[in-house]
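Undergrad: Sharing a model prediction with you, sequence too.
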Amino acid sequence: MSRILVAEDNLPNRELIREILKAWTHEVIEAEDGQQVLDKIAETKPELVLLDIQMSVLDGYAVVRQLRQRTSCPSLKVVAYRFRNAGRSGESSAIRTRRLSHQTHRYAVLGKELQQLLS
């Protein structure tokens, strides 16, 4: 089990990531914006940060720049990502369901990659 900080400003996305990681028995810490990410890293010392690039207050790029300047977390692993819009306007529910099913498969693949990253 690893301590993972999920940095995501979109609540449904954050909830989805949290539930997947908890199902894989990881401890999940959450942050809604870039400043919270920096604060929670200092408080909780996670092993991995899943970092949304497009966040408020500080975006993912600014967070990474500040982390590089810190000497207190030289071995911290950061995986930056950006969610695509899961519900595009004008999209039928059947198409949306197929696309979300494909995204779920990508999460399973990501899970294997995360396990390798944390070992």
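TA: Sure thing, it's come through. None of the values given here were measured: they were computed from a predicted structure. Residues are numbered from 1 along each chain as shown.
Undergrad: lowest-confidence helix or strand of the chain?
TA: Lowest on mean pLDDT, DSSP states H and E among the helices and strands of the chain sits helix 93-118, with a mean of 50.
Undergrad: any low-confidence regions in this structure?
TA: In the predicted model of the chain, residues 71, 84-119 satisfy pLDDT under 70.
Undergrad: quick one, helices of it?
TA: 11-23, 34-44, 60-69, 93-118 (DSSP state H).
Undergrad: Just the buried positions in stretch 43-59, please.
TA: Buried residues in stretch 43-59, counted by 16 or more other C-beta atoms under 10 Å: Pro46, Glu47, Leu48, Val49, Leu50, Leu51, Asp52, Met55, Leu58, Asp59. Placement of C-beta: from N, CA and C, glycine included.
Undergrad: Could you do stretch 65-83 as well?
TA: Buried, per 16+ other C-beta under 10 Å, within stretch 65-83: Leu67, Cys73, Val78.
Undergrad: can you put the residues you listed in TSV and add distance to Ala7?
TA: Converted to TSV, the buried residues of stretch 65-83 look like this (distance: C-beta to C-beta, whole Å):
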residue	distance to Ala7
Leu67	11
Cys73	14
Val78	9
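Undergrad: Return the closest of the residues you listed with respect to Leu21.
TA: Val78 (15.3 Å; C-beta to C-beta).
Undergrad: Just list the residues touching the closest one, thanks.
TA: Leu48, Val49, Leu51, Val64, Leu67 (C-beta atoms under 8 Å, 6 or more residues apart in numbering).
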